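Novice: Need the 3D shape of this:
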Amino acid sequence: MRLQRAAVPHPVGGHAVRPRTEPLRPGLDLAPPARTLAYYLNEEEVPQSGTRLTVSYNRTPGRDGQVAVRLGARRGAGRGEASSGLAFDHLVDTSPR
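Specialist: Below is the predicted model:
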């Protein structure tokens, strides 16, 4: 089974919320016709508990004493599928007839 990236409806107004973080943006920033809107993940890549990505700036001293600031990302376990609040997940048969 594959999971496909999709827009999430905003709770106020109902407009689509697009992904802002780099792991979910591949293909979205390209100009048409190179833009790829379809993005799939294999089910095995996402645990049942979900995945939480945290992005933060990190300050690190270099060997010469200069302070470097870098953007780091961490991947951790989510809060579980029951806490997602999604009520519209469903399976669709995509086999050719």
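
Novice: C-alpha from now on. contacts and neighbour counts both.
Specialist: OK.

Novice: which non-adjacent residue is nearest the residue nearest to the spatial centre of the chain?
Specialist: The residue lying closest to the centre of the chain (Cα atoms, centre = their mean) is Leu24, at 3.9 Å. Leaving aside its sequence neighbours, Leu24 sits nearest to Arg5 (Cα to Cα, 6 or more residues apart in numbering; 7.5 Å).

Novice: go on, Ala73?
Specialist: Val55 (4.4 Å).

Novice: In three-state terms, label the one you found for me.
Specialist: strand (DSSP: H, G, I helix; E, B strand; the rest coil).

Novice: Surely it and Leu71 touch.
Specialist: Yes. Between Val55 and Leu71 there is a contact at 7.1 Å, judged by Cα atoms under 8 Å.

Novice: between the two, who's got more neighbours?
Specialist: Neighbour count, other Cα atoms under 10 Å: between Val55 and Leu71, Val55 has more, with 13 against 9.
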